[in-house]
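In: Any chance you could fold what I've pasted below:
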Amino acid sequence: MSNYMVRTVLPYLTQELGGSELWVARVLYLSFVVLALLSPFMGWLCDRYGLRRVLVTTALFLSLTTTLYLAVSSLTALVVVRVLHAVATELLIASSLALASHVTSHYGLGIGVLRAAQGLGIGLGPLLAGALSVVLGLDPVLLVAAVLALAPLTCLTLSPEVVQVRRAHLFTKALRTVLRYFSPTWLTPVLTTAVAQAVSFTILTTYYTAYLTVELGLSPWEYGLFLVAECLGFSLGSLVSEYLYEKYRYSTLTVSTILLGVLYYLLSQVTAVLSIIVLVTPLGFLSALIFNPLYVECARRLPEEVRGTGVNLVDTIVNLSCGSVALLEPLMQVLTYRYSVLVPVAVLLTAALTSATYVVRVGVHREA
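Out: Here you go, the predicted structure:
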């Protein structure tokens, strides 16, 4: 919630500092590059030193870096603070994934509930940020976000079984252990579609966001509603994603990916704010059905001592794909930011075809 309160005001803070549409997109996608570089190492920290230590450190660091936004006075300073904030955010993501993976491997629904909770926070954060910014301005939004960033301190109430220090392998050995469990047979379909969804979502929240906030002129309140609608759909989809995946397996991925591509195409054809908000709710729902199975598979297949490392290693691959949208800047100058969502159409349909072909050829559907 705290992170997306910050994310909601970033486009407007960037514009106040003299940033163009391109700078708005850069500031937003910069965090994905940082996440990609740090994910496996942060996951290993959770395995090595225990969730309680990592979560307490995360809360303090995240609150501090959120407060630093109040001191920025140039685009350069904003980029530096954004990098530090992204490091703190990655600590939170890594520890959350490690915790949810433990729950999924032992009891089920851990990944689904985590994603639903994230979706709720991602939705409520922009809504609260938009309302506060209209009444009080941007600075109070950042102060409230800094206070909410202390929420991981609730880890002090977790049971010792979950947060115990496991003294996992050294980092390189942990990585080698994880890679032995990765098989193209089960990894290819879930990873291909998850990466396509992640790239599509990154374009939605960077280049297309630049179109919404600069060209269409959405206020922080309206942009907050846009994010709330997407995240509400993502939360609902996350709650049923594990059930649907267990029942229908890879058919869920293929059908959902095709339908998501259709929704992105429709998004490129409308300009009315209400129509855009209506479309992003089912878009969020389908995104959850495509994204979560990757983490469910990893949580159930990896041993306890390297689960945090492994889950965050696949998260690295996902985040690298998100960071790759930076390479699309020349293309966006041709397409324009409004039609940036046509790129997800091509990416998603290609992923659906690749995944379906692989499943048919290799017979993944027969694997338990």
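
In: Leu331 reaches Ala346, doesn't it?
Out: No: Leu331 lies out of contact with Ala346 (CB atoms under 8 Å); the separation is 11.1 Å. All C-beta atoms are positioned from the backbone trio N, CA, C, and that covers glycine.

In: which residues of the stretch 151-300 of the chain score low on pLDDT?
Out: The stretch 151-300 of the chain contains residues with pLDDT under 70 at 154-171.

In: just the helices in it please.
Out: 160-163, 171-181, 184-204, 207-210, 220-248, 250-269, 273-301 (DSSP state H, counting those that start in this stretch).

In: now, of those, which is deepest in the fold?
Out: helix 207-210 (a mean of 27; mean count of other CB atoms under 10 Å).

In: Which residue, neighbours along the chain excluded, lies closest to the residue positioned nearest the centre of the chain?
Out: Geometric centre of the chain, nearest residue: Ala198, 7.3 Å, by CA atoms, centre = their mean. In this structure, Ala198 finds its nearest non-sequential neighbour in Val318, 4.7 Å apart by CB to CB, 6 or more residues apart in numbering.

In: what's the spacing between the helix or strand harbouring that neighbour and its chain's center?
Out: Using DSSP states H and E, Val318 maps to helix 307-323. Distance, stretch centre to chain centre, for helix 307-323: 11 Å (CA atoms, centre = their mean, to the nearest Å).

In: Quick one: work out the angle between it and helix 184-204.
Out: 50 degrees (axes from the mean of the first three to the mean of the last three CA atoms, to 10 degrees).

In: elements contacting the lengthiest helix in the chain?
Out: The helix spanning the most residues in the chain, taking DSSP state H as the definition, is helix 75-106. In terms of contacts (3 or more CB pairs under 8 Å, 6 or more residues apart in numbering; DSSP states H and E), helix 75-106 is packed against helix 2-16, helix 21-49, helix 51-68, helix 110-136, helix 273-301, helix 307-323.

In: of those helices, which approaches Glu90 most closely?
Out: Counting by CB to CB, Glu90 lies closest to helix 21-49 out of the helices and strands packed on helix 75-106; the figure is 4.8 Å.

In: Name the surrounding residues that touch stretch 249-257.
Out: 189-190, 193, 196-197, 244-245, 286, 289-290, 293, 348-349, 351-352, 355-356, 359, 364-365 (CB atoms under 8 Å, 6 or more residues apart in numbering).

In: can you check stretch 19-33 too?
Out: Counting by CB under 8 Å, 6+ apart, 7, 10-11, 14-15, 75, 78-79, 82-83, 85-86, 89, 202, 205-207, 209-211, 213-215, 319, 322-323, 325-326, 329, 332, 337 sit against stretch 19-33.

In: Filter those down to the buried ones.
Out: 7, 10-11, 14, 75, 78, 82, 85-86, 89, 202, 205-207, 209-211, 213-214, 319, 322-323, 325, 332, 337 (16 or more other CB atoms under 10 Å).
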